[in-house]
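Peer 1: Got a sequence here, can you build the structure:
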Amino acid sequence: FDDQFLHTNGSALDFDYSETWALDTVGARRAWDQATGKGVVVAVIDTGVDYNHPDLWNNIWVNPETVSDVNLDGKINLDDLDLDGDHYISPEELAIDSGANFIGWDTSLSGDNDPMDRYGHGTHLAGIISATANNGIGIAGLAPDAKILPIKAFFDTGGAFVSDLLEAIELSAQIYVDNPSIDSMVNNISWGRTSVEDISLLEDVLKLTHSLGIVNITAAGNRAADLAEEPFYPASFASTIAVGSSRQGTNTRSSFSSYGSVVDLFAPGGGDELNGSQHNILSTMNRRAFLLNDDSKLVYVEPGTDYAYVRLRGTSQSTAYVSALAALLKEKNPTWDPEQIREAMVQGSSAGTINAPKALDYRLAQADLRIRINDFAKTEYAVDELVLLKLEVRNLVDEANGVIDDAYDVVSRMRIPDGMFYDQTLNPTEP
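Peer 2: Residues are numbered from 1 along each chain as shown. Just a heads-up that it's a prediction; the model follows:
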């Protein structure tokens, strides 16, 4: 298997401040009346995350299997690793190379337990997903109570080997399986390429996470290509939800965004102008990040710190919004599988662009199960008398096409002790 070199989906920078229009576009404020992502973990499989950023600090996932409630506040969070209380997790506090997974992992060349982002891409996505709301600084993520699991698979200069990405996806599954405290998980995958040798390995690991109930959200890419004709992996896999970019003020596709029948959804990702700040996506960043090059591209920096905010554009950013929406849906509907999450987001979209409150209002097709006594001539039944029941299943929601009937002819009988129905089980005969 040839270990190939990948790059994140490149994003163009912007540096004028304006409101976070994307939250209004997707209906965030109305959506927050129903869900905020609580109990859901979003694995950002990317360049890492700057977990010390003050707008992300409260929402970084901390492993309850390896970190205890040191400060006895009833919560396990970064404060329990911050032994000196300076709101900064140092390498010593993280105990790098200890082999313990405290807040995530680095599967790239470092191969240790420090997923710090020095490139910037993953930190920007993390803010879109789950920047803390109502903390008096910066921005709010679309899922402001979801937890971010940083899994760093890219080098500090923005590239990665396929083997490191495979390991990162496998790690997300392992963490999910090993931590019963994680109710639901979403994988944010804002990277890809047009060809991957031995592609079955990448497809298989995504099928695995999908089968576990993890929702895989992937970027369609910034090539303005029809993915039905020019596949882009992993977005072209059926086990993922592929996301393109839409522009501000409309539900139309950004000119750079890929498209086609393979793309499930669109979400705010920025405008067509490279430096049109009001059209691109504002989120978290560290001013020292490799992606920035210099301070001229900063929108805002917290005074006396390196914690900053910048605007980027791309399907990477769109993917983060859809990951956040998946987190909202998983909070409200924790038993839904990835295909049901896809259905709710697609059916609840507005002209293909996500609409958070509509998706949260969506109800899967339901059937009403009615049981009635088949012999209408009789009005009284003796104790221990066997009564034939008829089952009737009726769709009471919306019209449905392609419904498959797997029902059996039920020839079951049920006792009615003392003339009352108790908790009983109908056991249909073999078909």
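
Peer 1: what about the strands in the stretch 51-200 of the chain?
Peer 2: With strands called from DSSP state E, counting those that start in this stretch, the stretch 51-200 of the chain shows them at 105-106, 147-152, 159-161, 184-189.

Peer 1: Strands along the stretch 251-400 of the chain, start to end?
Peer 2: Going by DSSP E, counting those that start in this stretch, the stretch 251-400 of the chain shows strands at 265-268, 281-286, 300-301, 307-312, 367-373, 387-395.

Peer 1: Lowest mean pLDDT across those, which one is that?
Peer 2: Among those, strand 367-373 carries the lowest mean pLDDT, at a mean of 50.

Peer 1: Apart from its chain neighbours, what residue comes closest to residue 226?
Peer 2: residue 260 (4.0 Å; CB to CB, 6 or more residues apart in numbering). Glycine gets a C-beta too; all of them are placed from N, C-alpha and C.

Peer 1: How far off centre is stretch 26-38?
Peer 2: Computed by CA atoms, centre = their mean, to the nearest Å, the chain-centroid distance of stretch 26-38 equals 14 Å.

Peer 1: With only the CA atoms kept, save that stretch in PDB.
Peer 2: The C-alpha coordinates for stretch 26-38 follow below in PDB (Å, rounded to 0.1, in the frame of the first residue of the first chain):
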ATOM      1  CA  VAL A  26     -28.800  28.100   8.700                       C
ATOM      2  CA  GLY A  27     -31.300  29.300  11.300                       C
ATOM      3  CA  ALA A  28     -29.100  28.700  14.300                       C
ATOM      4  CA  ARG A  29     -31.000  30.800  16.900                       C
ATOM      5  CA  ARG A  30     -34.300  28.900  16.300                       C
ATOM      6  CA  ALA A  31     -32.400  25.600  16.200                       C
ATOM      7  CA  TRP A  32     -30.900  26.300  19.700                       C
ATOM      8  CA  ASP A  33     -34.400  26.200  21.100                       C
ATOM      9  CA  GLN A  34     -34.400  22.500  20.400                       C
ATOM     10  CA  ALA A  35     -30.700  21.400  20.700                       C
ATOM     11  CA  THR A  36     -27.200  22.700  21.200                       C
ATOM     12  CA  GLY A  37     -25.200  19.500  20.700                       C
ATOM     13  CA  LYS A  38     -25.000  18.500  24.400                       C
END
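
Peer 1: Residue 225: how many residues sit nearby?
Peer 2: For residue 225, the count of nearby residues is 17 (other CB atoms under 10 Å).

Peer 1: For it, which residues are in contact?
Peer 2: 232, 258, 259, 260 (CB atoms under 8 Å, 6 or more residues apart in numbering).
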